[in-house]
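Enquirer: Any chance you can model this:
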Amino acid sequence: MTVHRFPPLSGPYQVATAPPLEVGGVRKVLTGLARIEAGVRSPPSGFRRGCASEVDYVVSGRLRVDTASGSYEIAAGDIVVENPDQPHATTALEDSEIFFVLMDPLVAFDG
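Expert: Just a heads-up that it's a prediction; the model follows:
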């Protein structure tokens, strides 16, 4: 897992990018917005892996992402690139919104 933090944007137009992500053979991409209330953990116990690769943009709030190798605190403005071989769990430390891009999702989300 990689967390990319960017300085606040300044000036009339600015672009900030994360390093390139190599993804081969993607058949399906699912995008959406997750809203998570403070104190909620997903999944409720253990870890999950929901797709081949995942990119998340934290729109608002603050969260903790736990993996077998450690924990990461993320907040509004951060971009998270999740490796397919790293199961994780997410806990909202505040009410939060995350824009996500799932590449070859393993599960369907019906909203």
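
Enquirer: buried stuff in stretch 69-83?
Expert: By 16 or more other Cβ atoms under 10 Å, the buried positions in stretch 69-83 come out as 72, 74, 77-82. C-beta coordinates here come from the backbone N, C-alpha and C atoms, glycine included.

Enquirer: Touching, residue 59 and residue 75? I think so.
Expert: No: look at residue 59 against residue 75 with Cβ atoms under 8 Å: they stay out of range, at 10.6 Å.

Enquirer: Any regions of the protein where pLDDT drops low?
Expert: Within the chain, the ranges that satisfy pLDDT under 70 run 107-111.

Enquirer: which stretches of it form strands?
Expert: 2-4, 29-36, 41-42, 51-60, 62-67, 70-75, 79-82, 88-92, 96-105 (DSSP state E).

Enquirer: Relative to residue 99, which of the buried residues of stretch 69-83 is nearest.
Expert: For these, the residue nearest residue 99 by Cβ to Cβ is residue 79; the value is 9.7 Å.

Enquirer: ok, residue 63 to residue 35 distance?
Expert: From residue 63 over to residue 35 the distance is 12 Å, taken as Cβ to Cβ, to the nearest Å.

Enquirer: Equivalent analysis for residue 77, please.
Expert: On the measure of Cβ to Cβ, residue 77 and residue 35 end up 17 Å apart.

Enquirer: Name the nearest residue to residue 9, ignoring sequence neighbours.
Expert: residue 16 (7.3 Å; Cβ to Cβ, 6 or more residues apart in numbering).

Enquirer: Touching, that neighbour and residue 6? I think so.
Expert: Yes: with contact defined as Cβ under 8 Å, residue 16 reaches residue 6; the gap is 4.4 Å.

Enquirer: Relative to residue 53, how far out is the nearest residue to residue 8 once chain neighbours are set aside?
Expert: For residue 8, ignoring the flanking residues on the chain, the nearest one in space by Cβ to Cβ, 6+ apart is residue 77 at 7.7 Å. Distance, residue 77 to residue 53, using Cβ to Cβ: 21 Å.
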